[in-house]
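J.: sequence first, predicted coordinates after that:
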Amino acid sequence: MDIACHQGYYAIQLARAGFGRVDATDVRQEHIDDVDLLRRIYALDNLHTRRADVFEMQNRADHDLVLMFGLLYHLENPVGALRKARALTRRACVIETQVVPHLSGMVDWGSYEYVRPLKGCFGIIDEIDETHAPEASVTGVCLAPSTEGLLWLLHAVGFRHAEVLPVPDDGYEQLRHGKRVMVAARV
Ligand SMILES: C[S@@+](CC[C@H](N)C(=O)[O-])C[C@H]1O[C@@H](n2cnc3c(N)ncnc32)[C@H](O)[C@@H]1O
């Protein structure tokens, strides 16, 4: 399953790599039309497409591998999207996302005598004037997590194990510098 597949680059790689069935979804119909064109050109009978908002997808944990690349930080409900990813995953989920600097420390939770540790944080990003852009949010309100917060949330929504994947020396600069991460989560 490739959630927010755009023109389907990763879904097509999975289909060509021999996965039995690959489902590619995106909220924008123009992207799905492009994937359909490529599916016909490459004659990929194992690639299936559907226009869908991530939050409208049915909770069926029948996908061995779920990809959610470049989506989380375009959403106003990233925790809901992580719950959705967990609900769709049978074995493993890989999430790629922009991240924001982490904040840690203790928080007075109603009283200085009752304090809780901060598990992570979200940065609010404004895409309100960019919702027409093909790669952007559809609502314009974006919450980008810190890496520590993302790892904590992946456990909180029910993944057994989550880890940041290593970046090769010649990897994309944002990944090398920890401004984006690719995280593998297992059920
Ligand atoms: C930055 S692009 C990433 C595309 C691709 N996954 C990649 O990594 O190259 C973000 C994609 O998320 C899609 N998108 C935005 N909001 C969405 C939503 N609520 N549900 C599903 N897809 C969404 C956009 O249409 C766009 O294709």
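T.: Sure, I can see it.

J.: ok, and the closest non-adjacent residue to whichever residue of the chain sits closest to the ligand?
T.: When you check the chain against the ligand by Cβ to the nearest ligand atom, the closest residue turns out to be residue 70, at 2.8 Å. To be clear about C-beta, it is placed using only N, CA and C from the backbone, and glycine gets the same treatment. Taking Cβ to Cβ, 6 or more residues apart in numbering as the measure, residue 70 lies nearest to residue 96, with 6.0 Å between them; neighbours along the chain are not counted.

J.: for the helix or strand harbouring the one you found, buried residues please.
T.: For residue 96, the host element (DSSP states H and E) is strand 89-98. Under the neighbour-count criterion of 16 or more other Cβ atoms under 10 Å, strand 89-98 has 89, 92, 93, 94, 95, 96, 97, 98 buried.

J.: beta-bridge partners for the first one, please?
T.: Translated: residue 89. When assigned by DSSP bridges, residue 89 has beta-bridge partners residue 63.

J.: repeat that for the last one.
T.: Residues in a beta bridge with residue 98, per DSSP bridges, are residue 180.

J.: one more: the third one?
T.: Taking DSSP bridges, one finds residue 66, residue 185 as the beta-bridge partners of residue 93.

J.: gap between it and residue 3?
T.: 9 Å (Cβ to Cβ, to the nearest Å).

J.: contacts (any at all) between the ligand and the top helix by length along the chain?
T.: Criterion DSSP state H: the longest helix present in the chain is helix 29-42. Yes: Helix 29-42 lies in contact with the ligand when judged by Cβ under 6 Å from any ligand atom; the contacting residues are residue 31.
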